[in-house]
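>>> My questions concern the predicted model and sequence given below.
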Amino acid sequence: MLANLNPDELKNTAIVLTDEKFLIPLLTRLPERLSAPNITMGIGLLDSLFINFIDLLEGLRASNTEAIEKKEREIENHPLMRKFNAMDADAYIGLKSHFFEFVQASNQGDENYFNHLKNIFRELTRFIQSAESNSFEVLQSRILLTEMSRCINRLDKMENTAELNQKVLNGLLKRSIAGKQLNLLSEPTENLQILGLLETRALGFDRIILCSANEDIIPGSQRSDSFFPFEIKTHHKLPGRREKECVFAYHFYRLLHDSKKVDIIHYNESEGMRSGEKSRYIHQIEYQLSRINPNIGLHLKTHQKKLPAAHVKEQVLEKTPEVIENIKAHLRRGISPSSLNRYLEDSLEWYYGNVLKLEEPERDPLDSAGFGTIVHEVLETLYKNRLNKTITLKEMDAIEGELEGALREAFEKIEGINSDLKGVLAINYELAKKMVTNYLGAEKKRIKEGDLVEVKGCEVALEIEENLSINGAEMDIHFKGKIDRVELRNGELHLVDFKTGSVDVREVKTTQIDREKLAGKRYYNQLMLYKWLAKTKYSEYGDTQGQIITLTAPHKRDLTSQYTGKGDEWEIFEEVMREIIEEMLHTEFPLRRNPDFKYPMFEKN
């Protein structure tokens, strides 16, 4: 955006940052000819390398020699320590030895963390003050050491300070530098301006580049630490969250007032606690302002930067005779829809998890998979005694009455859970209850509207064996699967799979059936394999309907497998299945890690 601007254009260009944390990354990426822009904002200190280093010191306690050595390596390899080493290698050796003594003392039963911390700060101050570098990290460290040393001196004069634990001391040190900034000296005559949103008041620019315009940043949560409840603030007309949002909105639209061109940048990927949702102000421009003002021209662009191939470590496992035999054994045991999908998504992960059946890492019993298992178990309990008979409204009332007991029974089966449902457990309990209740409500409504429903089976295990010619040799392949529910609805057989997460209708529809296309259609694959498995057992019902019911929206019943391409769906699907099985057993296709696969359990970068 900036590289091709001439000096006259730069003169009326401003980069507006909604978050001060992005200032340093921005400065490192400016074109060389713009190395000295006019910056009218400071750099916050709470997100500095120094604070990250102090956090590292908090967790020094270790249980054995190996763990102590690991802590020492973490200190030595910290980016700040590496910078110190580059600045003055001789002085760094002495500083590092003091840190290692600190680690050893912290793990020999010496509880006086505060005295050790004072010594460390004394050595750090001596090192930083003698440093000749004026890099951001050194300048930040000097300010932080000055403020934190004042806090330590005040604490040293108080009684019982030595009894404070590491977490409390670190919290006090961070509190002492809250709101502190590193003010940058810049060149006011330089054309390009870099400033924060609230610093743009009463200013106008022809070209605006607004960075990080995401909802969780602008306007953000606007949380304020106040002892006044919201109602009291409102009654006495004190400024609160609403007023702060109004201030943000004013500055945003005031900034646009004089602009001829505005580039608003936001990221659309969720990361950590950030949602990836674009700011409400962008929505307002798209759907309201652009309709009111016909002079506004909108151009939406998406930029995706991929890592260079050299940065991605490729993991490949060649198919030796032993590997081939392991895969054959898996195919004879039975390949399920989940196994097939995992192979298409990441063949190396499939080999470790589905073929070799390596033990999975320990997981939370209430993670997404565990929560889904509980909900499935509850639905099975409610319906398993009502098979092969029409479900009436009276039956639905009885099912609703049994929900609480079935749900509590399912939760009590979780290891380590007692009858008291508290905290996160209580939240999951209520969420599961809400999901099942909504599903039962949707079922009652459909029955009232005339649906005739007869449940034929719950958690139905199906399997077939096919003799296929694979790579020129005959082989018996076992296919298996477990269907959440088989029901006869208005005379048509439905194979139902319940999901506790959301499912897009595009995930069950396809216009083309081939190896690459099916790799991104896991739910279509699942429903097609269920229909294939049910062909023999339920042949008297004719064509079956594969359906997903998402319990987040149980009224939505359009999630059925659909093929809108050319040719016979079954013939093409069966041929592609044969090709995939052949690929599994062919030595020319090694097992390969997929770097885009999001949920690896056994692979490491």
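The structure has been received and is ready for your questions.

>>> and the helix or strand harbouring Tyr439, which residues are buried?
Secondary-structure assignment from DSSP states H and E places Tyr439 in helix 423-448. Using 16 or more other C-beta atoms under 10 Å as the burial criterion, the residues of helix 423-448 that qualify are 425, 428-429, 432-433, 435-436, 439-440, 442-444, 446-447. C-beta here means a position set from N, CA and C on the backbone, and glycine is covered the same way.

>>> Please convert those to JSON lines, extending it with distance to Arg29 and pLDDT.
As requested, the buried residues of helix 423-448 are arranged in JSON lines below (distance: C-beta to C-beta, whole Å; pLDDT from 0 to 100):
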{"residue": "Leu425", "distance to Arg29": "46", "pLDDT": "83"}
{"residue": "Asn428", "distance to Arg29": "43", "pLDDT": "89"}
{"residue": "Tyr429", "distance to Arg29": "48", "pLDDT": "91"}
{"residue": "Ala432", "distance to Arg29": "47", "pLDDT": "93"}
{"residue": "Lys433", "distance to Arg29": "50", "pLDDT": "94"}
{"residue": "Met435", "distance to Arg29": "46", "pLDDT": "94"}
{"residue": "Val436", "distance to Arg29": "51", "pLDDT": "95"}
{"residue": "Tyr439", "distance to Arg29": "50", "pLDDT": "95"}
{"residue": "Leu440", "distance to Arg29": "55", "pLDDT": "96"}
{"residue": "Ala442", "distance to Arg29": "51", "pLDDT": "95"}
{"residue": "Glu443", "distance to Arg29": "56", "pLDDT": "95"}
{"residue": "Lys444", "distance to Arg29": "58", "pLDDT": "95"}
{"residue": "Arg446", "distance to Arg29": "56", "pLDDT": "94"}
{"residue": "Ile447", "distance to Arg29": "61", "pLDDT": "94"}
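
>>> closest to Arg408 among those residues?
Arg408 lies nearest to Tyr429 out of the buried residues of helix 423-448, by C-beta to C-beta, at 8.0 Å.

>>> That closest one reaches Leu407, doesn't it?
Yes. With contact defined as C-beta atoms under 8 Å, Tyr429 and Leu407 form a contacting pair (6.9 Å).

>>> any weak-confidence spans in the stretch 301-450 of the chain?
Screening the stretch 301-450 of the chain residue by residue with the criterion pLDDT under 70, one finds the ranges 305-313, 361-362, 415-420.

>>> Would you map the strands across it?
Counting by DSSP state E, counting those that start in this stretch, one finds strands in the stretch 301-450 of the chain at the ranges 316-317.

>>> Just the element for the closest residue to Met81 other than its chain neighbours, please.
Among residues not flanking Met81 along the chain, Ile75 sits closest, at 6.3 Å (C-beta to C-beta, 6 or more residues apart in numbering). With elements taken from DSSP H and E, the one containing Ile75 is helix 65-76.

>>> what does the average pLDDT come to for the helix or strand following that helix?
If you walk from helix 65-76 toward the C-terminus, the next helix or strand you reach (DSSP H and E) is helix 79-87. Mean per-residue pLDDT for helix 79-87: 78.

>>> what packs against helix 79-87?
Contacting helix 79-87 under the criterion 3 or more C-beta pairs under 8 Å, 6 or more residues apart in numbering; DSSP states H and E are the following elements: helix 49-58, helix 89-106, helix 136-156.

>>> Looking at the ones you listed, which is nearest to Leu298?
If you check each of the helices and strands packed on helix 79-87 against Leu298 by C-beta to C-beta, helix 136-156 wins as the nearest, at 37.0 Å.

>>> any idea of the angle that closest one forms with helix 49-58?
Angle between the axes of helix 136-156 and helix 49-58 is 50 degrees (criterion: axes from the mean of the first three to the mean of the last three C-alpha atoms, to 10 degrees).

>>> What are the contacting residues of helix 136-156?
Outside helix 136-156, the residues that touch it by C-beta atoms under 8 Å, 6 or more residues apart in numbering are 24, 43, 45, 48-51, 80, 83, 87, 114, 117-118, 121, 124-125, 128-129, 131, 161, 164, 169, 172-173, 175-177, 180, 182.

>>> Go ahead and build a ChimeraX selection from the buried members of the residues you listed.
For anyone working in ChimeraX, the buried entries among these, judged by 16+ other C-beta under 10 Å, can be selected with:
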select :24,43,45,48,49,50,51,80,83,87,114,117,118,121,124,125,128,131,164,169,172,173,176,177,182
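
>>> Out of the contacts of helix 136-156, list just those in helices.
Cross-referencing those against helices under DSSP state H gives 24, 49-51, 80, 83, 87, 114, 117-118, 121, 124-125, 128-129, 169, 172-173, 175-176.

>>> so is Ser469 in a helix, a strand, or just coil?
Ser469 carries the three-state label strand when classified by DSSP: H, G, I helix; E, B strand; the rest coil.

>>> May I have the residues that are in contact with it?
Per C-beta under 8 Å, 6+ apart, neighbours of Ser469: Met475.

>>> any idea how far it lies from Phe479?
Plainly put, Ser469 is 16 Å away from Phe479 if you go by C-beta to C-beta, to the nearest Å.

>>> And Met435, by the same measure?
Note on Met435: its distance to Phe479, by C-beta to C-beta, is 30 Å.
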